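K.L.:
here is my input, please return the structure:
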Amino acid sequence: MSTNIRQIPQILFYTAIPQLISRVIHDNNMTSKIVQKILQRVLTRFPQQAMWPLAWLRGSRDSGRKQIGVSIFKAAQTALSRHKTVDMEGLLSRSADLFKYLQTVAKFKAPDRSKSTSFRARPWQSQDHLCEFVPPVKAALNVSSLL
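P.N.:
Coordinates of the predicted model:
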């Protein structure tokens, strides 16, 4: 079965990411491993697009899901590094900090006495500009992607 998934283009799996994510922990261990391998292949092929739906998996409160998310990202980073796409490998690595930052901003609780609809947050600090993390448009999901 795992050899058959290589014959299916990653773009077809990309459209099913939410369903695949829901099955990373499955009663059948083989199913779980295959789903994880598919998600790793999709993240490797379309890192800028796939890191967004997969980000919550890496930041999950469930330790099993979190461990799987971390391993999917690490496997994709390793594959990107082998294929000399170090910029994308580094972007995936640094995306963990961005997602932690976004979670911090999302958890902000304004004081009750405040009637303001705005707040100040510490600015994003990284060697990457936020525009580096903007996913390419749908047209970029074609055969001429990274790998």
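
K.L.:
beyond the helix or strand in which residue 49 is found, next helix or strand please.
P.N.:
With elements taken from DSSP states H and E, the one containing residue 49 is helix 47-58. Tracing the chain C-terminally past helix 47-58 and defining elements by DSSP H and E, one meets helix 63-82 next.

K.L.:
now do that following helix: everything it contacts.
P.N.:
Residues from elsewhere that reach helix 63-82 (C-beta atoms under 8 Å, 6 or more residues apart in numbering): 24-25, 36, 39-40, 43-44, 47, 51, 54, 56-60, 86, 88-89, 92-93, 95-96, 146-147. Every C-beta, even on glycine, is put in place using the N, C-alpha and C of the backbone.

K.L.:
try it again at 6 Å.
P.N.:
The contact list for helix 63-82 (C-beta atoms under 6 Å, 6 or more residues apart in numbering) reads 24-25, 36, 39-40, 43-44, 57-58, 60, 88-89, 92-93.

K.L.:
so which of those are in helices?
P.N.:
Counting by DSSP state H, these place 36, 39, 40, 43, 44, 57, 58, 88, 89, 92, 93 in helices.

K.L.:
before we move on, back to that, from the contacts of helix 63-82, list just the buried residues.
P.N.:
Those of those that meet the buried threshold are 24, 36, 39, 40, 43, 44, 57, 58, 60, 88, 89, 92, by 16 or more other C-beta atoms under 10 Å.

K.L.:
export only the CA atoms of stretch 123-130, formatted as PDB.
P.N.:
Output in PDB follows, covering the C-alpha atoms of stretch 123-130 (Å, rounded to 0.1, in the frame of the first residue of the first chain):
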ATOM      1  CA  PRO A 123       5.900  42.800  17.000                       C
ATOM      2  CA  TRP A 124       6.800  39.700  15.100                       C
ATOM      3  CA  GLN A 125      10.600  39.200  15.500                       C
ATOM      4  CA  SER A 126      12.300  36.900  13.100                       C
ATOM      5  CA  GLN A 127      14.800  36.900  10.300                       C
ATOM      6  CA  ASP A 128      11.800  36.200   8.000                       C
ATOM      7  CA  HIS A 129       9.400  38.800   7.000                       C
ATOM      8  CA  LEU A 130       5.800  37.800   7.400                       C
END
